[in-house]
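Student: Give me a model of this one.
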Amino acid sequence: MSNQEFLDKRGSDHRPVLVRLDKTTVEYRGNFRFDKRLFNQPNVKEVICLAWNGNQTLRRVSTMEKLKMCISALSKWKQENNCNSLTRITQARAALEFEQSSDFPSTELVWTLKNDLCKANQDEETF
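Tutor: Have a look, this model is predicted:
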């Protein structure tokens, strides 16, 4: 973390810059990147709003803390809602193969499974 301050000009046409570096104790596991596939998912906007506006009753919450809460909420939501498109592709392929291999495959179910597989492939390409 750092902070900078531009000091007054004194005897020169240049402004000195005072930079303060603070050691942070926060450890990061990795970079968070917003997943574009979340745009059209139900309840994602509500999850973000709840995380952004939550727990502010006792004290003011910094923007960094709000962002961390949003990251945590989105990560949890993704885990709970099976957003891994490779897993969904594998599951859809297996279900489609099982249904097509049955003695009396349901054309309606086969059509639904093909649409699910197509959607999972599109999501993987978007990712």
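
Student: How about residues contacting stretch 68-86?
Tutor: 32, 34-35, 37-38, 41, 43-44, 47-48, 50-52, 54-55, 61, 88, 120-121, 123-124, 127 (Cβ atoms under 8 Å, 6 or more residues apart in numbering). Quick note: C-beta positions are derived from backbone N, CA and C, even for glycine.

Student: Now, those that are in helices?
Tutor: Members of the contacts of stretch 68-86 lying in helices (criterion: DSSP state H): 44, 47-48, 50-52, 88, 120-121, 123-124.

Student: hmm, which of these are the buried ones?
Tutor: Among the ones in helices among the contacts of stretch 68-86, those buried by neighbour count (16 or more other Cβ atoms under 10 Å) are 44, 47-48, 51, 88, 120, 123.

Student: OK, contacts around the residue nearest to the spatial centre of the chain?
Tutor: A centroid search over the chain (Cα atoms, centre = their mean) returns residue 34, at 4.2 Å, as the residue closest to the centre. Residues in contact with residue 34 (Cβ under 8 Å, 6+ apart) are residue 74.

Student: pLDDT score for it?
Tutor: pLDDT for residue 34: 76.

Student: Quick check on it: phi, psi?
Tutor: Torsion angles at residue 34 (phi, psi; degrees, to the nearest 10) stand at phi -70, psi 130.

Student: Tell me how far it lies from residue 23.
Tutor: Using Cβ to Cβ, to the nearest Å, residue 34 is found at 28 Å from residue 23.

Student: How many residues are close by residue 92?
Tutor: Applying other Cβ atoms under 10 Å, we find 21 residues neighbouring residue 92.
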